[in-house]
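A.B. asks: no FASTA, just this:
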């Protein structure tokens, strides 16, 4: 049996870690919300949300990466997810993010996605990443641009239909931009 990697990343306010069963309820609440999950994929019920949650763990086993649970350091509560996603049918590896409702407005998505992207470049050896964003998701577009990504093209996502692909700066570009 293949096991999950032992990875934990930290930022000032967050711990990024492999999801655990105790994280499911927070994810499920998000996934069942038709407004909040519209840009990620709304699930119809708990069993469907569980299927995605479990497939993320399988993604970790098969690829060595996936979505981390973002845990708020001050309380230990799951506050969102971020990480690298590249299932069958994706155009290439993507960095994505979700912040749970009670944690909005704290800069969590930027903080977590920045750390996950750095990990993908420094530890996994990725040279490029994208963010695939549903048209009309202005908050994700704003965050992608804040992370330095730019609109590259539209494409047909096998799960979500038409999406906008934003290209992130590569590792060398990020190194050159550091003070």
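C.D. replies: Thanks, I have it. Predicted, not measured: the structure shown is a model, and the values here were computed from it.

A.B. asks: what comes up buried for stretch 163-170?
C.D. replies: For stretch 163-170, the neighbour count (16 or more other CB atoms under 10 Å) marks 163, 164, 165, 166, 167, 168, 169 as buried. The C-beta positions use only the backbone N, C-alpha and C, and glycine is treated the same way.

A.B. asks: state the pair within those residues that is farthest apart.
C.D. replies: Across those, the longest distance by CB to CB is 19.8 Å; it joins 163 and 169.

A.B. asks: returning to that earlier point: next, format the buried residues of stretch 163-170 as JSON lines and append distance to residue 73, secondary structure and pLDDT.
C.D. replies: Below are the buried residues of stretch 163-170 laid out as JSON lines (distance: CB to CB, whole Å; DSSP: H, G, I helix; E, B strand; the rest coil; pLDDT from 0 to 100):
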{"residue": "163", "distance to residue 73": "32", "secondary structure": "strand", "pLDDT": "94"}
{"residue": "164", "distance to residue 73": "32", "secondary structure": "strand", "pLDDT": "96"}
{"residue": "165", "distance to residue 73": "32", "secondary structure": "strand", "pLDDT": "97"}
{"residue": "166", "distance to residue 73": "28", "secondary structure": "strand", "pLDDT": "98"}
{"residue": "167", "distance to residue 73": "31", "secondary structure": "strand", "pLDDT": "97"}
{"residue": "168", "distance to residue 73": "25", "secondary structure": "coil", "pLDDT": "97"}
{"residue": "169", "distance to residue 73": "27", "secondary structure": "coil", "pLDDT": "95"}
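
A.B. asks: nearest to residue 66, of those residues?
C.D. replies: Taking CB to CB as the measure, residue 66 lies nearest residue 168 of these, at 17.6 Å.

A.B. asks: kindly indicate which of the buried residues of stretch 163-170 lies nearest residue 112.
C.D. replies: Out of the buried residues of stretch 163-170, the member with the shortest distance to residue 112 (by CB to CB) is residue 168, at 14.4 Å.

A.B. asks: show me the contacts for that closest one.
C.D. replies: The neighbourhood of residue 168, defined by CB atoms under 8 Å, 6 or more residues apart in numbering, consists of 95, 117, 128, 129, 130, 131, 144, 147, 148, 149.

A.B. asks: same check on residue 83?
C.D. replies: Contacts of residue 83 (CB under 8 Å, 6+ apart): 16, 65, 66, 67, 68, 95, 96, 116.
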